[in-house]
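In: model the structure of this input:
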Amino acid sequence: MKNSKNKKLHRTLKAKPALVRLFGGRKHRPCTYCGVTLSVESATFDHVKPLSSGGYDKTKNGAISCKSCNNRKGSQTKEDFLSRMK
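Out: Modelled structure (predicted):
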């Protein structure tokens with residue numbers, strides 16, 4: 001890696017393999033909940049069905065989320081959180 005931006009991206013990609021799979025090679029994706037445009041570096045991995053409710057820690061149970069929505073969603077299911085956002 002020649003510059004610090006590339007090094008940061010490399011660390012992020014290495015640390016967030018599930019997010020990388022959810023991004024599917026795209027540079028930007030929308031937050032599942034509010035629609036704000038996110039990069040891999042700014043996105044968080046949200047468990048659609050929370051671990052505390054029997055969800056699993058796999059990409060199939062994941063959603064791309066901004067930090068704000070992920071924090072507000074907490075341990076709610078995707079459906080419960082979306083119904084409360086309206």
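In: contacts for the helix or strand where L19 lies, please.
Out: Element membership for L19, per DSSP states H and E: helix 17-23. By CB atoms under 8 Å, 6 or more residues apart in numbering, the residues outside helix 17-23 that reach it are L13, R29, V40, A43, T44, F45, K58, T59, G62, A63, I64. Where C-beta positions appear, they are placed from N, C-alpha and C, glycine not excepted.
In: whichever of the residues you listed end up buried, select them in ChimeraX.
Out: To isolate the buried members of the contacts of helix 17-23 in ChimeraX, using 16 or more other CB atoms under 10 Å:
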select :29,40,43,44,45,62,63,64
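In: format the contacts of helix 17-23 as CSV; extra columns: distance to L22.
Out: Converted to CSV, the contacts of helix 17-23 look like this (distance: CB to CB, whole Å):
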residue, distance to L22
L13, 12
R29, 7
V40, 9
A43, 8
T44, 11
F45, 7
K58, 11
T59, 6
G62, 6
A63, 7
I64, 5
